[in-house]
Every structure is written in structure tokens, then in C-alpha cells.
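Novice: after the sequence you'll find the predicted model.
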Amino acid sequence: MGLLDILAVCLRLRRKEVNVLCLGLDNSGKSTIIDRLKPASARAQNIVPTIGFSVEKFSTPSLTFIVFDMSGQGRYRNLWEYYYEDAHAIIFVIDSGDKLRIVVAKEELDTLLIHPDIKHRQIPILFFANKMDLTDALSSVTVSQMLGLDNIKDKPWHICTSEGSIA
């Protein structure tokens, strides 16, 4: 079972084609995670900050992912909501080494969860506690507690860890 198949199981996806939003603050590692989902031959040599958004498409024999890599820069975060209605799943990436901005990540998550296009849907969310390879990174348990993930009762969610480079 490949990474995309595992992702589909974690997100409880049953459709043939799914729109996935990849959200998180700038420099959290969203583009790197998405790049590592690609076949090795299609991976980028250099990852650059996303301005606005980019779209990637990946397929397994049974499932096609259309992933929207949304910029996490402050001035672009208000654009996220325009993609909520068509989203089937969300990947929310947290920089586990950025202890100061985890509060901002929580605010963005809270805003996402109360948005009318998300609030009343059973949209699955996969949280990536990224950059766990940093010596001062917060554990996934601490990230979960700081984000208040246990309070999410109306959506399936899962948290996993990854290193900054996702080897």
C-alpha cells in the first residue's frame, strides 16, 4: 500500500476523485509534503514558497487526488474559504518547531472549523505535525493539545508526524 492509499484510509475517503485542501501557516512544509506524494521522477528539485495556490494531481489505481496547495502567508489565508465548499478532505500542516506561531495556527484552525462550508460537514482532516526532526520540536501529543484537537467531535481527524524533508 502506497502513501496515497494510506492517506485515503486515514482520511476515510471513498470517492473516485477527491479535492484535498492542504492548509497551514507559511513555512510549515505544505509544498514539501505534497511534493513527496509525487512519484520520485516528478518531484521538484527546489521547493519555493507558494504564492496564492498551486494544484497537483496524483492517482492510485482506485483514487485520484486533486490537491490544492494553499499559501499560508497572512495576506493569502483569507482565500482559503473560497475552496471549502468543494473540498472532500483537508490536510492541515503544523510546523512543530515553531512554538510561537502555533497559537496563530490554532486561530486559523478555529476559523476554518466554524466556517459555514465546513462546520456542518463530516469532512475528514489529516493533521501533519511536521518538522519533527528539529531538536526542539513539540511532540504530536503537545501539538494536538495546543490545537485542541480533542474538541473536534463532529469530524474524523488523525494526526501524524513527519520530518521536514519527509524522506
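Specialist: Now that the structure is in, tell me what you want to look at.
Novice: which parts of the protein are helices?
Specialist: In chain order, the chain shows helices spanning 3-10, 30-37, 102-114, 116-119, 140-147, with DSSP state H as the criterion.
Novice: so who does Ile159 touch?
Specialist: By CB atoms under 8 Å, 6 or more residues apart in numbering, the contact set of Ile159 is Leu126, Phe127, Phe128, Ala129, Ser140, Val143, Ser144, Leu149. For every residue, glycine as well, the C-beta is placed using N, CA and C.
Novice: setting aside sequence neighbours, what's the nearest residue to it?
Specialist: Using CB to CB, 6 or more residues apart in numbering and skipping residues adjacent in sequence, the residue nearest Ile159 is Phe127, 4.1 Å away.
Novice: isn't the one you found right up against Leu147?
Specialist: Yes: shown here, Phe127 and Leu147 form a contact pair, counting by CB atoms under 8 Å, at 7.3 Å.
Novice: neighbour count for the two, which is higher?
Specialist: Phe127 (24 against 21; other CB atoms under 10 Å).
Novice: measure that one to Leu63 for me?
Specialist: 21 Å (CB to CB, to the nearest Å).
Novice: residue ranges in this structure under the pLDDT threshold?
Specialist: Counting by pLDDT under 70, the chain shows low-confidence ranges at 1-15, 38-50, 52, 164-167.
Novice: list the contacts of Phe68.
Specialist: With CB under 8 Å, 6+ apart as the criterion, the residues that contact Phe68 are Asn19, Val20, Leu21, Cys22, Phe53, Ser54, Val55, Tyr83, Ala87.
Novice: can you add neighbour count and distance to Lys119 and give these back as CSV?
Specialist: What follows is the contacts of Phe68, written out as CSV (neighbours: other CB atoms under 10 Å; distance: CB to CB, whole Å):
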residue, neighbour count, distance to Lys119
Asn19, 17, 18
Val20, 25, 19
Leu21, 24, 15
Cys22, 27, 20
Phe53, 16, 22
Ser54, 16, 27
Val55, 10, 25
Tyr83, 16, 15
Ala87, 18, 13
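Novice: and the furthest pair within those?
Specialist: Using CB to CB, the pair of the contacts of Phe68 lying farthest apart is Ser54 and Ala87, separated by 15.6 Å.
Novice: the residue nearest the centre of the chain bridge partners, please.
Specialist: Centroid-nearest residue in the chain, with CA atoms, centre = their mean: Ile91, separated by 2.3 Å. Note on Ile91: beta-bridge partners Cys22, Leu126, judged by DSSP bridges.
Novice: thanks a lot, catch you later.
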